[in-house]
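*Asks:* This is a predicted model, with the sequence first.
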Amino acid sequence: MEAFIRGLPKAELHIHIEGSLEPEMMFGMAERNGISLPFGSVDEVRAAYEFTDLQSFLDIYYQAAEVLQTEQDFYDLMWAYLERVHRESVTHAEVFFDPQTHTGRGIPFGVVIGGLSRASVDARATLGISSFLIMCFLRHLPESDAFQTLEQASDFKDSIIAVGLDSSEVGHPPEDFASVFAAARQQGFRAVAHAGEEGPAQFITDSLDLLLVERIDHGVNCEQDPQLVERLVDEQVPLTMCPLSSVKLRVFNSIGDHSLKRLLDGGVKVTVNSDDPAYFGGYLTDNYLAVQPALGLDRADVVQLARNSFEASFLDDDRKARLIGELEGYARSEG
C-alpha cells in the first residue's frame, strides 16, 4: 500500500507556500539577506514547532517569513516545493500565498508574485507539474487591507486564479470579508476560504452563502451541523482537509480521530493536503500515508481521494480529464 500511495498520481489543493519554508532554507535565506534569526540552529527551530493551537503556529510562521526578501527567495521557495512534490507523483498543485505578510513589511507585491509565478512556469516546462496561485487575504487584518491587496493584484491577474481567506479564524467571521470577495469575483477571480477548522460550522455555511466560495479549506467542523453535511454532499462542495496539520494544531487528538473517513463514506468530496508541511511534519504523501492505516482506508478509498483532488481543482476540463485518466490507468495497472 505504501508503494501504491507513493506512485499514485494526485493533486494538492491546500498548501501555503510560506509554510513549506524548511528550517535549512530559512537559515540559508537569512544568511543571504543579512537577517538575524531568534534561533541558534535548525534543531532549535524544529524544537519550536510544538503548537498548542492555530495562533501559536501563526506567531512563528509570520516570524520565519521575514527571511523572504527578494524575487529569487520566492522563486527558490516555490521551486523547492514543486520539485519535491513532483517526486511524490503530484501532477498538479494549487498554492496559497499571503501577500499581506510581505507587503506589510515593505516587500513589493510584484517581487512576491514575480518569483512564485516564474517558478511555476519553469516547473511546468521542465518537470511537467502544473500549478496555480491562490492569493489569500489575512482575516486578522481589516477588510480595507484586503481591498488594498486586491488592487495591488490587478496588474497580475494572469498569474492568480483565485482568492482565499486564511489566518486566525476565531473572532474573524467570513461576513467581515463579503465585500472584498464580491469585488474579487467581479474581477474574474475564483474563491475559496478557510472555514470550520477552529471556527464553527456556521463559518462554513457563511463562506458558501456570503463569500460564494467554490471550496472549503479544512471544514472539519461541518459535522456540528448535519444539515450542512447533507448540503456538502448534495452540492458536492470540496473540503481540502489537512490531517497532520489538524493533529499538530490540536483540532484532533490523533489521526485516528479525524473525520475524513466518515465524511468520505458519507459522500462528501473530501481531499487530502499538507497545509504547512515544513511545520506540521509531512508533505502530501506523508498525509496519505498517515491516514490510510489510521482510518482503515482501502485502495478504492485512496484512489477516490486522489480522484477528488483532481475533480475539485480549478483545472480546465481537458487537463482534468487527462490527469484523472492517468490516475485510473495507474490504479488498474497497480491493482
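*Replies:* All right, it came through fine.
*Asks:* So which residues lie in contact with stretch 109-129, not counting its own?
*Replies:* Stretch 109-129 has contacts (Cβ atoms under 8 Å, 6 or more residues apart in numbering) with 17, 68, 70-79, 82-83, 85-86, 90-93, 95, 97, 99, 102-103, 130-133, 149, 152-153, 155-156, 159-160. Every C-beta, even on glycine, is put in place using the N, C-alpha and C of the backbone.
*Asks:* Apply the buried test to these and list what passes.
*Replies:* If you count burial by 16 or more other Cβ atoms under 10 Å, the buried members of the contacts of stretch 109-129 come out as 17, 68, 71-79, 82, 85-86, 90-93, 95, 97, 99, 102-103, 130-133, 149, 152-153, 156, 159-160.
*Asks:* From those, which land in helices?
*Replies:* 71-79, 82, 85-86, 99, 102-103, 149, 152 (DSSP state H).
*Asks:* Can you give me the distance of residue 262 to residue 241?
*Replies:* 12 Å (Cβ to Cβ, to the nearest Å).
*Asks:* which strands and helices sit next to the lowest-mean-pLDDT helix or strand in the chain?
*Replies:* Scoring the helices and strands of the chain by mean pLDDT, DSSP states H and E places helix 54-64 at the bottom, with a mean of 75. In terms of contacts (3 or more Cβ pairs under 8 Å, 6 or more residues apart in numbering; DSSP states H and E), helix 54-64 is packed against helix 277-280.
*Asks:* switch the cut-off to 10 Å
*Replies:* If you count contacts as 3 or more Cβ pairs under 10 Å, 6 or more residues apart in numbering; DSSP states H and E, helix 54-64 packs onto helix 23-33, helix 243-248, helix 277-280.
*Asks:* Show me how far it is from its chain's centre.
*Replies:* Relative to its chain's centre, helix 54-64 lies at 16 Å (Cα atoms, centre = their mean, to the nearest Å).
*Asks:* hmm, back to that, tell me which of the helices and strands packed on helix 54-64 approaches residue 174 most closely.
*Replies:* Comparing these by their distance to residue 174 (Cβ to Cβ), the top pick is helix 243-248, with 19.8 Å.
*Asks:* Mind giving me the packing neighbours of that closest one?
*Replies:* helix 54-64, helix 277-280, helix 284-295.
*Asks:* which of these sits most buried?
*Replies:* Among those, helix 277-280 has the highest mean neighbour count (mean count of other Cβ atoms under 10 Å), at a mean of 25.
*Asks:* Figure out which of the helices and strands packed on helix 243-248 is closest to residue 3.
*Replies:* Closest among these, once you apply Cβ to Cβ, is helix 284-295, at 10.7 Å.
*Asks:* Just after the closest one, pick out the following helix or strand.
*Replies:* helix 299-311 (DSSP states H and E).
*Asks:* List the buried residues in that next one.
*Replies:* For helix 299-311, using 16+ other Cβ under 10 Å, the buried residues are 301-311.
*Asks:* same thing with stretch 173-181?
*Replies:* Within stretch 173-181, the residues that count as buried by 16+ other Cβ under 10 Å are 173-174, 176-178, 180-181.
*Asks:* dump the residue contacts of residue 204.
*Replies:* By Cβ atoms under 10 Å, 6 or more residues apart in numbering, residue 204 lies in contact with 174, 193-197, 213, 216, 218-222, 224-225, 228-229, 231-232, 237, 239.
*Asks:* hmm, try it at 6 Å
*Replies:* 195-196, 216, 219, 222 (Cβ atoms under 6 Å, 6 or more residues apart in numbering).
*Asks:* Equivalent analysis for residue 308, please.
*Replies:* 269, 271.
*Asks:* Repeat the analysis, applying 10 Å as the threshold.
*Replies:* With Cβ under 10 Å, 6+ apart, residue 308 has these contacts: 10-11, 13, 236, 238-240, 264, 268-272.
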